[in-house]
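J.: sequence? don't have it. structure:
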């Protein structure tokens, strides 16, 4: 029996209840973020302008140049959604996010840009899960880990990175290993239009689609709903994962904000 006069016990139990209630309210937060950023995306893939969703990562300033050298091969092998990035020093903003003291911020295009552009074209896209995708000789093989967006309070990629479950640097070097990827489904009838949009993306320097399957057929050993087509997208945080694999601490804010496409620059052209 709880002694009603023991305020400390009551407070402890109350804090536990409030904590649990807060966690329940965050379940599905990832899918909610995807939906919001999709609607905020105004990118016109033909005109190459408008807002695109980005991930923001903070690096210790003393390690940033080394981190850039680690990431460049990952971008070069097209293991990122795009080689277009933005950099900001402490006190500056990337989108609506301020870079903290002692850090350098890097914005990378998020795979949600695919969702946003397809949505504007009238194509519904079902975001299923984020996962760790095994690669062999540069080809996609299968998902070895996955977290469904509607059952997670965190971005799956952040979880996989912090758990040291990737080998992106190894994939960039030898073609074998594990990268971050996402699984989507699109209506079968939209395939031709989707393929045209993907071609436009390539012209704009966005290469976010790794693989598209056939109607109702599994993709990378992942089942697909009837009258749907499975699509695998590159994880936007793959370059960041390669840095973390080398022991450099990075603070990530995945699926965090939007930036103008026009304000992004190719990583090879950065002068910092």
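T.: Done, it's in. None of the values given here were measured: they were computed from a predicted structure.
J.: Okay, strands next: where are they in the stretch 151-272 of the chain?
T.: Shown for the stretch 151-272 of the chain, the strands assigned by DSSP state E, counting those that start in this stretch span residues 177-187, 209-212, 228-234, 251-260, 265-266.
J.: Moving along the chain from the least confident helix or strand in the chain by mean pLDDT, name the first helix or strand you hit.
T.: Within the chain, confidence by mean pLDDT, DSSP states H and E is lowest for helix 7-26 among all helices and strands, at a mean of 43. The element immediately downstream of helix 7-26 (helix or strand, assigned by DSSP states H and E) is helix 29-40.
J.: burial measure for the closest residue to residue 181 other than its chain neighbours, as a count.
T.: When the adjacent residues along the chain are set aside, residue 181 lies closest to residue 133, with 3.9 Å between them (CB to CB, 6 or more residues apart in numbering). C-beta coordinates here come from the backbone N, C-alpha and C atoms, glycine included. The number of residues packed around residue 133, counting by other CB atoms under 10 Å, is 28.
J.: host element of residue 133?
T.: Element membership of residue 133 [criterion: DSSP H and E] is strand 126-136.
J.: Okay, angle between that strand and strand 228-234 too, please.
T.: Strand 126-136 and strand 228-234 meet at an angle of 60 degrees, taking axes from the mean of the first three to the mean of the last three CA atoms, to 10 degrees as the criterion.
J.: Relative to strand 126-136, what are the paired strands and their orientations?
T.: Listed by DSSP bridges, the sheet partners of strand 126-136 and their directions read strand 139-148 (antiparallel), strand 177-187 (antiparallel).
J.: That strand: which residues count as buried?
T.: Of the residues in strand 126-136, those with enough neighbours to count as buried (16 or more other CB atoms under 10 Å) are 126-135.
J.: what about stretch 110-130, how long is it end to end?
T.: Terminal residues of stretch 110-130 are spaced 12 Å apart (CA to CA, to the nearest Å).
J.: could you give me the average pLDDT of that stretch?
T.: Looking at stretch 110-130 alone, the average pLDDT works out to 95.
J.: quick one: buried residues of it?
T.: Within stretch 110-130, the residues that count as buried by 16+ other CB under 10 Å are 110-120, 123, 125-130.
J.: go on, stretch 189-198?
T.: So for stretch 189-198, counting by 16+ other CB under 10 Å, buried means 190-191, 194, 197-198.
J.: Residues in a beta bridge with residue 184, which ones?
T.: Beta-bridge partners recorded for residue 184 (DSSP bridges): residue 127, residue 231.
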